[in-house]
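Chemist: model this:
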Amino acid sequence: MKILYAAHENSWGGFFGLIRSELPRHEFVASGRFEVESLKGFDVLIPTMCRVTPELLETADRLRLIQQCGSGLEGVDIEAAQHRNIWVANVPTDMSGNADSVAELGIYMLIGLSRDVHGMARSLRNQKMGEPRGQALSGKTVGLVGLGGIGRALIRRLKPFDVRLIAVKRSNPEKAMRECDLEWVGGPEGLPELLGRSDYVILCLPVSAETKHLMNPEAFSHMKRGSFLINLARGGLIEHAALQEALATGKIAGAGLDVFWEEPPEPDDPIFSYNVLATPHIGGSTDVSMQGIVKAVAANIQRVDRNLKPFHLKNPLDLKQ
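Modeler: Down below sits the predicted model:
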């Protein structure tokens with residue numbers, strides 16, 4: 001089969017080379033950018049950050065599978081793919097090692113913001129020792145917005161730091177509170193309470209029509225002054241102007257961002273002049289996570305090649321090939 005990878009060959013931790021080595025008898029083509037002009041002649045599309053629109057799908061003459069190399073499918077028009085009888089599948093974060101890797105990056109950001117890594121760099125440049133004074137995590141409140149694979153992986157890593165853990169979950173918050181042994185879990189309507197109680201707010205939920213710009217001016221108004229915001233999920237969860245205003249006015253003390261309002265972001269964006277600890281969307285880009293993702297993607301490509309239904313489908317289950 002012929003597989004199109006909508007990215008540069010060396011993007012996403014070398015995924016292209018790994019999947020090509022895993023499936024040597026298939027033909028792989030990298031688009032060289034996060035865009036695709038035509039799907040003609042391809043059996044499988046790995047979209048990465050490419051938008052898959054109805055117009056793009058009209059160029060497909062034999063496409064059978066849109067297989068994401070991760071969990072995010074917000075850029076894929078699943079209904080249009082369904083209409084054209086094309087499978088759409090992803091790799092859930094909790095079955096590839098991805099959630100654990102993203103959670104580890106979250107801990108890095110939590111500690112980096114608490115201990116002021118930018119201040120450390122300034123002190124070293126200015127030959128000042130013993131500065132800056134950081135904040136200890138013990139006794140602080142961490143609010144998790146979302147309790148999927150990443151949220152639960154964070155809980156396992158955060159408990160030894162002796163922090164208070166609260167969360168917001170879309171459904172069955174009481175059950176989640178018992179299962180995860182958290183101090184408090186609310187439904188979506190409880191977001192203002194979580195924001196007001198948390199010293200650190202960590203976003204680990206999908207972006208959708210309901211959650212786009214979840215962190216807007218009103219949401220920032222509920223946050224504790226001097227608290228921190230960390231986004232490990234999708235850039236669309238945060239309204240850019242609102243974040244910049246919150247940083248500029250000191251409403252929040254800083255932000256940790258692995259995802260952005262546009263990717264890649266402009267390096268000279270004024271937001272980076274504030275206390276922002278930024279990483280280039282590498283939360284899931286580790287050796288362990290990449291191996292798990294490659295295995296899952298390869299398994300689905302092999303299943304389609306054998307005329308079998310792929311795993312982790314986002315299409316209705318009655319779709320026929």
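
Chemist: Endpoints of stretch 208-216, how far apart?
Modeler: The straight-line separation of the ends of stretch 208-216 (CA to CA, to the nearest Å) is 15 Å.

Chemist: nope, stretch 89-104 is what I was after
Modeler: End-to-end distance for stretch 89-104, by CA to CA: 25 Å.

Chemist: buried ones in that stretch?
Modeler: Neighbour-count burial for stretch 89-104, counted by 16 or more other CB atoms under 10 Å, picks out 89-93, 95-104. To be clear about C-beta, it is placed using only N, CA and C from the backbone, and glycine gets the same treatment.

Chemist: Among those, which one sits closest to Leu203?
Modeler: Lowest distance from Leu203 to these (CB to CB) belongs to Val102, with 11.3 Å.

Chemist: Check for me that that closest one belongs to a helix.
Modeler: Yes. When the secondary structure is assigned by DSSP: H, G, I helix; E, B strand; the rest coil, Val102 falls within a helix.

Chemist: Next, give phi and psi for Gly190.
Modeler: Note on Gly190: its backbone torsions stand at phi -90, psi 0 [degrees, to the nearest 10].

Chemist: Let me see the contact set for the residue minimising distance to the centre of the chain.
Modeler: Nearest to the centroid of the C-alpha atoms of the chain, with distances taken as CA atoms, centre = their mean, sits Ala233, at 3.1 Å. By CB atoms under 8 Å, 6 or more residues apart in numbering, the residues touching Ala233 are Gly146, Ile150, Leu203, Cys204, Leu205, Pro206, Val207, Val259.

Chemist: out of these, which are inside helices?
Modeler: Residues of these located in helices (DSSP state H): Ile150.

Chemist: Which ones among the contacts of Ala233 lie within strands?
Modeler: Counted as lying in strands by DSSP state E, out of the contacts of Ala233, are Leu203.

Chemist: quick one on the thing from earlier: the residue nearest to the centre of the chain and Leu203: what is the separation?
Modeler: According to CB to CB, to the nearest Å, Ala233 and Leu203 sit 5 Å apart.

Chemist: between those two, what contacts are shared?
Modeler: Going by CB under 8 Å, 6+ apart, residues that sit against Ala233 and also against Leu203 are Gly146.

Chemist: Please name the spatially closest residue to His222 (chain neighbours excluded).
Modeler: Leaving aside its chain neighbours, His222 sits nearest to Leu195 (4.0 Å; criterion: CB to CB, 6 or more residues apart in numbering).

Chemist: To clarify, my last question referred to Gln68.
Modeler: Gln68 sits nearest to Asn90 (CB to CB, 6+ apart), 4.2 Å away.
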